[in-house]
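1. give the three-dimensional model of this entry:
(2 chains)
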Amino acid sequence: MSSVAPVDLPIDDENKKNTDAFQEAIAGTTKVRRVKQRLTSRWATVAAIVIAVVWTIPTFGLFVSSFRPAVDIRTSGWWTFFTNPTFTLENYEEVLFASGASSANLSSYFMNSLVIAIPGALFPIALGCMAAYALAWIPFRGAGWLFVFIFALQIVPLQMALIPLLQIFSQVLGISGTFPAVWIAHTIFGLPLVIFLLHNFISAIPGDILEAAKVDGANHTQIFFRIILPLSVPAIASIAIFQFLWVWNDLLVALVFSGGTVDVAPLTQRLAEMVGNFGRNQHLLPASAFISIIVPLIVFFSLQRYFVRGLLAGATKG
Amino acid sequence: MRGDFWGGLFEKFGVLIIGLAAFAAVVGLVLFLADRAPKRGRDVVQLLALLSPALILLAVGLVYPTIRTLYLSFTDRRGDWIGLDNYVWVFTQPSSLNVLFNTVLWVILAPTFATLVGLAYAVFIDKAAGERILKSLVFMPMAISMVGAGVIWRFVYEYRAEGFEQIGILNQIVVWFGGEPQQWLINSPWNNVFLIIVMIWIQTGFAMVLLSAAIKGVPIERIEAARLDGANAWQQFTNVTIPEIRPTLVVVVTTITIATLKVFDIVRSMTGGNFNTSVIANEMYTQAFNRGEFGQGAVLAVLLFILVLPIVLYNVRVLRKQREVR
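-> Just a heads-up that it's a prediction; the model follows:
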């Protein structure tokens, strides 16, 4: 599970400062107008550009490769594309739609990834919201201890739970290798962090609002649906994005609980399998890798603010 | 075949909808009944309705398995009690000692270099033109799955025998400079370093974003004061900026350390742990799920837990202190 979140989701004032700083960090601006005074010299700029190029080239090279004909991928480097351009979409067509026992079949795996990741993100958040509200606003003996205990569960590595959980799934419930098994596993592994982050947020909601609702005769479930959920939308959005991407990118949970078949296993598992037979799949791998990382990249570039917040909150999950 | 294909997609879509609907129905029903509970004791019923689904899942899926894994670490593959044999195995077998050595190598190199490069980059691009784009480029690997990163770097490291045209950029650069192409992922022990580079590539963006935020939070007056006292850029950095961002540095290093200890996907997808590159998390999977040695897998899981524990506790203390200061 996750260890301690390095940064809380931004809610109360003391955390607010934090968030602003992160948003500024990613936006590259500061609210306080600063004197334009660079500590660094021209050499620093050169070094920065070198780092940026080195960090980008591997991904860029793969992207170029994915559009080159199979023969070219196998016989020459992607950089020869610029002296001898050849372009094709065949790789994408083949990995997505080709039929046959040995084909990559990625459209099926893509669908599996979606079928795994959507409930894998929604379930823990729904249950986590409920638990976080109960822990924060319904007074009962031991609430504090229970919260600390759930918080502490974050430090248990995923590996500690895998073997017994698989035994429960296969011997008691008989659902090993099905979508529900993967959903339940992701829900369990996501809950400690989700409860912790949502508790931070929900406990910071002003008590006056809840008191007013109570005076009007609302009970706990009504308060939960009418006040807590609507007010928590920003926090839920960040956590949902993080959890969705975590599930989408996960390999370990998928390997253990999905059974590894085309019926259930996600893209990451298929990709790992194809890399395992690198020589044979070499011409298909660039396109395959891009199909598996396109969803995270879209999320990254379109929802960068939420993405950064969520990612920082759960950086050590797993 | 096309028909099968669309049929398959349709069926899975159905599973998704049914799964979501079933979940919503169960949770909705529980909360609906709690809402209608008789006034006497309604608070207790509602408390249970809200809290127990999460608690039951955690108890069955996390608390019980953790205790059971502890127990399994004292048993052999048939489930018979064998005392500390598995622990002895971890610390005496050459192959598992190699796993431990590799893990130590990862934990030393990955956090150090990811933090150093991330810090340098954050400083270099601070207030530079195009800061936002420059940040995105280095931060992007964080969004990609580690398996995807594994594929990307497999192509960077790809090897062709000398005299043939290279298709991996690293060997091509070596050849351009007149060197001999290398099998980066096979030659032990250096192949570990080339796997660690992938982790550094991923984690640098994380370090950079956090440290950049911290650097921007350093009060400008202090830097100004240091400058007026005659400190040069390097002195301003080491005497003012570094102490100011120290708490963030600690969080970055510890967080990357924990992630590194648990690294699995990179090793799994790039070498499968062959050629002496296995690490604890990968070996745990191999022993437990490929070889059926649940006891030995359990020992490795427990070891991982013990290694992560002090770092997390330290992290909690730092965070708590930070809060008190604020």
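2. when you work out contacts or count neighbours from here on, use the C-alpha atoms and nothing else.
-> Will do.
3. the domain parsing of chain A - what is it?
-> Structurally, chain A divides into domains by automatic domain parsing as follows: A:40-88, A:106-313.
4. the shortest one close to chain B?
-> Pointing back at domain A:40-88 there. Yes: against chain B, domain A:40-88 shows contacts by C-alpha under 8 Å from any C-alpha of the partner chain at A:40, A:44-45, A:47-48, A:51-52, A:55-56, A:58-59, A:62, A:73-78.
5. returning to what we had before: which of the domains of chain A sits most buried?
-> Of all the domains of chain A, domain A:106-313 carries the top mean neighbour count, a mean of 20, counting by mean count of other C-alpha atoms under 10 Å in any protein chain shown.
6. show me how far it is from its chain's centre.
-> Here the centre of domain A:106-313 is set off from its chain's centre by 8 Å, with C-alpha atoms, centre = their mean, to the nearest Å.
7. please name the residues that touch A:A131.
-> Neighbour list for A:A131: A:195, B:50-52, B:54 [criterion: C-alpha atoms under 8 Å, 6 or more residues apart in numbering or on different chains].
8. a markdown table for those, including distance to A:L210 and secondary structure?
-> Output for the contacts of A:A131, formatted as a markdown table (distance: C-alpha to C-alpha, whole Å; DSSP: H, G, I helix; E, B strand; the rest coil):
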| residue | distance to A:L210 | secondary structure |
| --- | --- | --- |
| A:I195 | 20 | helix |
| B:L50 | 17 | helix |
| B:L51 | 19 | helix |
| B:S52 | 22 | helix |
| B:A54 | 23 | helix |
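9. ok, of the residues you listed, which one's closest to B:F23?
-> Top of the list for closeness to B:F23, among the contacts of A:A131 and by C-alpha to C-alpha, is B:A54 at 13.3 Å.
10. mind listing the strands for the stretch 1-150 of chain B?
-> Applying DSSP state E, counting those that start in this stretch to the stretch 1-150 of chain B gives no strands.
11. where in it is pLDDT low?
-> Counting by pLDDT under 70, the ranges of the stretch 1-150 of chain B that qualify are B:1-5.
12. in chain B, what residue is nearest chain A?
-> B:I167 (3.8 Å; C-alpha to the nearest C-alpha).
13. ok so, going back, any chance of the domains of chain A in a markdown table, plus mean pLDDT?
-> Converted to a markdown table, these look like this (pLDDT from 0 to 100):
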| stretch | mean pLDDT |
| --- | --- |
| domain A:40-88 | 90 |
| domain A:106-313 | 90 |
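14. redo these as a markdown table? Include distance to B:R246.
-> Listed next are those as a markdown table, based on distance: least, C-alpha to C-alpha, whole Å:
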| stretch | distance to B:R246 |
| --- | --- |
| domain A:40-88 | 20 |
| domain A:106-313 | 18 |
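15. out of these, nearest to B:F264?
-> With C-alpha to C-alpha as the measure, domain A:106-313 is the member of these nearest B:F264 (7.5 Å).
16. what number of residues are in the vicinity of B:P219?
-> 12 (other C-alpha atoms under 10 Å in any protein chain shown).
17. where's it relative to B:K321, distance?
-> According to C-alpha to C-alpha, to the nearest Å, B:P219 and B:K321 sit 20 Å apart.
18. same check on B:I56?
-> Taking C-alpha to C-alpha, one finds B:I56 at 33 Å from B:K321.
19. try A:S41
-> Note on A:S41: its distance to B:K321, by C-alpha to C-alpha, is 35 Å.
20. next one: A:S108
-> As judged by C-alpha to C-alpha, A:S108 and B:K321 stand 49 Å apart.
21. and what of B:L55?
-> As for B:L55, its distance to B:K321 is 30 Å (criterion: C-alpha to C-alpha).
22. higher neighbour count, those two?
-> More crowded of B:L55 and B:K321, by other C-alpha under 10 Å: B:L55, with 20 against 12.
23. how far away is the more buried one from A:A132?
-> In this view, B:L55 and A:A132 are 11 Å apart by C-alpha to C-alpha.
24. who's in contact with the closest residue to chain B within chain A?
-> Among residues of chain A, the one nearest chain B by C-alpha to the nearest C-alpha turns out to be A:G77. It sits 3.8 Å away. Contacts for A:G77 (C-alpha under 8 Å, 6+ apart) come out as B:165-169.
25. filter these down to just the ones in helices.
-> By the criterion of DSSP state H, membership of the contacts of A:G77 in helices covers B:I169.
26. in CSV, list the contacts of A:G77 along with distance to A:V262.
-> Putting the contacts of A:G77 into CSV (distance: C-alpha to C-alpha, whole Å) gives the following:
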residue, distance to A:V262
B:E165, 36
B:Q166, 34
B:I167, 31
B:G168, 31
B:I169, 33
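27. out of the contacts of A:G77, which two sit at the greatest distance?
-> Applying C-alpha to C-alpha across those, the maximum distance is between B:E165 and B:I169, 11.0 Å.
28. more neighbours: these two, which one.
-> Taking neighbours as other C-alpha under 10 Å, B:E165 and B:I169 compare with B:I169 leading, 21 against 15.
29. that one: what's it in contact with?
-> Counted by C-alpha under 8 Å, 6+ apart, B:I169 has contacts A:77, B:155-158.
30. out of those, the closest to B:N276 would be?
-> Nearest to B:N276 among these is B:Y157, at 17.2 Å by C-alpha to C-alpha.
31. now A:Q269: closest residue in space that isn't a chain neighbour?
-> Nearest residue to A:Q269 in three dimensions, chain neighbours excluded: A:L251, at 6.0 Å (C-alpha to C-alpha, 6 or more residues apart in numbering or on different chains).
32. that neighbour is in contact with A:T268, isn't it?
-> Yes: look at A:L251 against A:T268 with C-alpha atoms under 8 Å: they come within range, at 5.8 Å.
33. between these two, which contacts overlap?
-> Common contacts of A:L251 and A:T268 (C-alpha under 8 Å, 6+ apart): B:V147.
34. how about the contacts made by A:L297?
-> The contact partners of A:L297, by C-alpha under 8 Å, 6+ apart, come to B:140, B:143-144.
35. and those, which of them are in helices?
-> If you go by DSSP H, those have nothing in helices.
36. could you list which of those also contact chain A?
-> Taking C-alpha under 8 Å from any C-alpha as the test, chain A is in contact with B:140, B:143-144 out of the contacts of A:L297.
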